[in-house]
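> The following block contains a protein sequence and its predicted model.
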Amino acid sequence: QQQVKQSPQSLIVQKGGIPIINCAYENTAFDYFPWYQQFPGKGPALLIAIRPDVSEKKEGRFTISFNKSAKQFSLHIMDSQPGDSATYFCAASMVASGSRLTFGEGTQLTVNP
Amino acid sequence: DTEVTQTPKHLVMGMTNKKSLKCEQHMGHRAMYWYKQKAKKPPELMFVYSYEKLSINESVPSRFSPECPNSSLLNLHLHALQPEDSALYLCASSQRVTGNYGYTFGSGTRLTVV
């Protein structure tokens, strides 16, 4: 029940494409869903996050879509750039109870010039 | 200051050595965390400190010993490690353990055990 399943494992797109990374969860008590971006040799950095009371959130070129009934959420990167090449992790937690972040397995994104 | 600073960035140690990893933040966060990350895997939680007290130990072997001297500092003492302990060790902080909306991670210490 604590798992977060992330797909695909790797993704290659051309510059300007719209990569989509999907995550699914089982535990309906999760109420905070962040996405982290990690470059080689660096720690994960919070990219964007959503709570289940909204279905979509945009920050710049990054959009989270959230489907509460399906227990799924996804990250879309508009007009992707080679600098977006990184590993992306979705995660989930229960904010009020202070549960630890449960991470997905990660998606290695490559954006070709 | 919105950063979590970790030192050293790289560390190579023998299996009989004793070394320490250091983490520092000046954001007033009262929760601090140690994570271990293997290549191509997500971070795995090791320890959680809340208000300088250890609140979670994820059954980590005793060769890893955390310490939180004050609200800004977090150490991880290493002794008699094994080659399989080689990984990226990440420190993170958040405002509190509960009710917070995001962690700030440091850049990590790349540990190699030989």
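Happy to help now that I have it.

> Show me the strands in the chain, by range?
Just going to use chain A. For chain A, the strands defined by DSSP state E occupy A:4-7, A:10-14, A:20-25, A:33-38, A:45-50, A:56-59, A:62-67, A:72-77, A:86-92, A:102-103, A:107-112.

> you looked at the wrong chain, it should be chain B
Under the criterion DSSP E, chain B carries strands at the ranges B:4-7, B:10-13, B:18-25, B:31-37, B:44-50, B:53-57, B:64-70, B:73-79, B:87-94, B:104-105, B:109-113.

> Of those, which is nearest chain A?
strand B:104-105 (3.5 Å; Cβ to the nearest Cβ). No exception for glycine: its C-beta is placed from N, CA and C like everyone else's.

> show me what contacts residue 38?
Let's take chain A. With contact taken as Cβ atoms under 8 Å, 6 or more residues apart in numbering or on different chains, A:Gln38 is in contact with A:Pro44, A:Ala45, A:Ala86, A:Thr87, A:Tyr88, A:Phe89, A:Gly106.

> hmm, I had chain B in mind actually
B:Glu44, B:Ala87, B:Leu88.

> okay, now the last one: neighbour count?
To tie it back to what came earlier, the one meant is B:Leu88. Per other Cβ atoms under 10 Å in any protein chain shown, the neighbour tally for B:Leu88 reads 20.

> can you pull the pLDDT of it?
At B:Leu88, the model reports a pLDDT of 97.

> what does the first one give?
If you check B:Glu44, the pLDDT there is 94.

> Now it: closest residue in space, sequence neighbours ignored.
Nearest-residue entry for B:Glu44: B:Lys36, 5.1 Å, with adjacent residues in sequence omitted and distances by Cβ to Cβ, 6 or more residues apart in numbering or on different chains.

> Low-confidence ranges, chain B, go.
Applying pLDDT under 70 to chain B picks out residues B:99-101.

> ok so, going back, for the residue nearest to B:Glu44, give me its contacts.
B:Lys36 makes contact with B:Pro43, B:Glu44, B:Met46, B:Ala87, B:Leu88, B:Tyr89, B:Leu90, according to Cβ under 8 Å, 6+ apart.

> on that earlier part again, which of the contacts of A:Gln38 are buried, as a PyMOL select command?
Command for PyMOL, covering only those of the contacts of A:Gln38 found buried under the criterion 16 or more other Cβ atoms under 10 Å in any protein chain shown:
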select buried, chain A and resi 44+86+87+88+89+106
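
> Spell out which parts of chain A neighbour chain B.
Selection of chain A residues close to chain B by Cβ under 8 Å from any Cβ of the partner chain yields A:32, A:34, A:36, A:41-46, A:49, A:87, A:89, A:95-98, A:100-101, A:103-106, A:108.

> where's A:Tyr25 relative to chain B, distance?
Distance of A:Tyr25 to chain B, given as Cβ to the nearest Cβ, to the nearest Å: 14 Å.

> contacting residues for that residue?
For A:Tyr25, the contacting residues are A:Gln3, A:Val4, A:Lys5, A:Phe33, A:Lys71, A:Gln72, A:Phe73, A:Ala92, A:Thr102, by Cβ under 8 Å, 6+ apart.
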